[in-house]
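Peer 1: Any chance you can model this:
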Amino acid sequence: MSRVGKNPISLPDGVEVEIKDSVVSVKGPKGSLSKEVHSEISVEIKDGQVVVSRPNDSKTFRSLHGLYRSLIANMVEGVHNSFEKKLEIVGVGYKGEVSNKRLTLQLGYSHPIVFVPPEGIEITAESPTKLVISGINKEIVGQVAAKIRSFRPPEPYKGKGVKYEDEQIRRKAGKTAA
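Peer 2: Below you'll find the model as predicted:
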């Protein structure tokens with residue numbers, strides 16, 4: 001049995017799961033998400049918990065078992081609490097501001113970078129150097145955070161750039177004076 005896949009997903013109050021054919025739909029106070037599941041993987045609701053099971057122990061079904069269990073658990077968590085990623089902007093003159101649902105970044109280039117987030121993603125600026133990306137879909141929140149980070153990834157000498165809040169930058173020594 002898959003260690004991840006065998007665990008049932010408990011449903012918090014206010015979250016409803018609906019299964020039609022091979023599509024799992026989750027509705028909650030923050031919104032709704034749906035995901036198509038492999039036709040051989042079965043998803044059932046038993047005693048207020050979602051149980052994912054597989055037809056046999058072949059390698060492909062073992063891997064899909066844990067995958068779909070995690071995806072459904074993330075959907076349940078997202079519609080109940082939502083996900084967020086925090087980014088820090090490090091560098092002199094580097095800053096970000098949000099206006100009209102658009103993120104404008106000054107990252108040391110000759111032009112500002114304007115980023116329009118996809119539907120369902122909210123970007124807020126706690127300060128000019130701290131950004132919070134939040135939404136109900138964990139995958140899209142992570143993709144948006146990675147895209148913003150890719151505009152100016154942190155460099156190893158001074159640590160300038162856009163980094164995740166909990167990210168540790170490995171620093172290099174640089175040149176030494178003669």
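
Peer 1: buried residues in the strand or helix carrying Val24?
Peer 2: Element membership for Val24 (DSSP states H and E) is strand 23-28. By 16 or more other C-beta atoms under 10 Å, the buried positions in strand 23-28 come out as 24, 26, 28. C-beta here means a position set from N, CA and C on the backbone, and glycine is covered the same way.

Peer 1: just the helices in the chain please.
Peer 2: Taking DSSP state H to define them, one finds helices in the chain at 59-80, 138-150.

Peer 1: residues of the last one that come out buried?
Peer 2: Neighbour-count burial for helix 138-150 flags 138, 140-141, 144-145, 148-149 (criterion: 16+ other C-beta under 10 Å).

Peer 1: What of the longest one?
Peer 2: With burial defined by 16+ other C-beta under 10 Å, the residues of helix 59-80 counted as buried are 61, 64-80.

Peer 1: Quickly list what Pro135 is bridged to.
Peer 2: Wrong residue type there; residue 135 is Gly, not Pro. Taking DSSP bridges as the rule, Gly135 bridges to Phe83, Ile121.

Peer 1: got a list of contacts for stretch 104-123?
Peer 2: The contact list for stretch 104-123 (C-beta atoms under 8 Å, 6 or more residues apart in numbering) reads 31, 89, 91, 93-98, 101-103, 131-137, 140-141, 144, 147-148, 151-152, 160-162.

Peer 1: of those residues, buried ones?
Peer 2: 89, 91, 94, 96, 98, 103, 131-137, 140-141, 144, 148, 151-152, 160-162.

Peer 1: What about Tyr157, how many residues nearby?
Peer 2: 12 (other C-beta atoms under 10 Å).

Peer 1: Could you pull up the residues touching Lys130?
Peer 2: For Lys130, the contacting residues are 86-89, 165, by C-beta under 8 Å, 6+ apart.

Peer 1: rewinding a little: Pro55: which of the buried residues of helix 138-150 is nearest?
Peer 2: Lys138 (27.1 Å; C-beta to C-beta).
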